[in-house]
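S.K.: Please work out how this folds:
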Amino acid sequence: MYRQCRKSKPAVLLRLLLLCSTVSASMFVSTSTTTTTMNPISQHCRRHINNHGYAPSWRHLLLTRQFAVKVIVRIVGKKSSGEKWIDQGCQMYETRLRPNNVDVVTEWYKTNDALVRSVQNDISKSTTGTTAPIILLDLSLGKETTSEGFSNMFYDWAELGGSRLVFVIGGADGLPEELVAGSSSSLLAGREAVFYCCLSKLTFTHQFARLVLLEQIYRASEIRKGSSYHK
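M.R.: Numbers count the residues shown, from 1 in each chain. This next block holds a predicted model:
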């Protein structure tokens, strides 16, 4: 973890160091029946023990209580072209994610070419020292996983990217050829920190895929917290 963190932003490293000192002080919480004021980390430890029967790991505490994650969702389409209930659902999960230290921003692109240019810009940034993992949603190239598996991958990606990662959703016809691994015009050949993810083998509209993605990100954060949301 520390080897990867050396490549992260200084602000992230500072937050991690401050948290280590906070956790060290918070682990010695009185177990007596008298009323004790516990800080948020101690409260989280107590909830985790009550829910799972064991104390959370140091890595768990670092990622859930202090490791703020910024997620950018790049998608082809118009913001106002989807069903209202989809937009409302996405807004609900974006709001729920903020207390979990996950900030989601959706960026819309009118054409596949505009989407490809934005991903090219992400790739160029990764070659200058900022490694933001690029996760492309694809039915055939992505590996299907469980919600627990997605939670682990999500925080591994966030740790790799220094708290920043990018999800890419294609339009009605899927990802552009330039973003498909193995195609003759692919821009991603040999690139590091590029991953494919499959949310389901079922076919969704790209607008609905965004809603499913946000729900799974929220579920991932709740799984990592040890809450009862995921059963």
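S.K.: Could you pull out the strands in the chain for me?
M.R.: 69-76, 102-109, 134-137, 143-144, 164-169, 194-198 (DSSP state E).
S.K.: Now for residue 184, how many residues are close by?
M.R.: Using other CB atoms under 10 Å, residue 184 has 7 other residues around it. For glycine as for every other residue, the C-beta is placed from the backbone atoms N, C-alpha and C.
S.K.: Identify the residues contacting it.
M.R.: Counting by CB atoms under 8 Å, 6 or more residues apart in numbering, residue 184 touches no other residue.
S.K.: looking at the strands of the chain, which is closest to residue 176?
M.R.: strand 69-76 (8.3 Å; CB to CB).
S.K.: neighbouring contacts of that closest one?
M.R.: Here strand 69-76 has contacts from 101-112, 114-115, 118-119, 155, 158, 163-171, 206, 210, 213-214, 217, using CB under 8 Å, 6+ apart.
S.K.: hmm, which of the residues you listed are the buried ones?
M.R.: 101-102, 104, 106, 109, 112, 115, 118-119, 155, 158, 163-171, 206, 210, 213-214, 217 (16 or more other CB atoms under 10 Å).
S.K.: tell me the contacts of the residue nearest to residue 203 when sequence neighbours are not counted?
M.R.: Excluding the flanking residues, the one nearest residue 203 by CB to CB, 6 or more residues apart in numbering is residue 139, at 6.8 Å. Listed by CB under 8 Å, 6+ apart, the contact set of residue 139 reads 174, 198, 201, 203.
S.K.: circling back: ranking the strands of the chain by mean pLDDT, which is last?
M.R.: Across the strands of the chain, strand 143-144 has the smallest mean pLDDT, namely a mean of 89.
S.K.: Show me what it is packed up against.
M.R.: strand 194-198 (3 or more CB pairs under 8 Å, 6 or more residues apart in numbering; DSSP states H and E).
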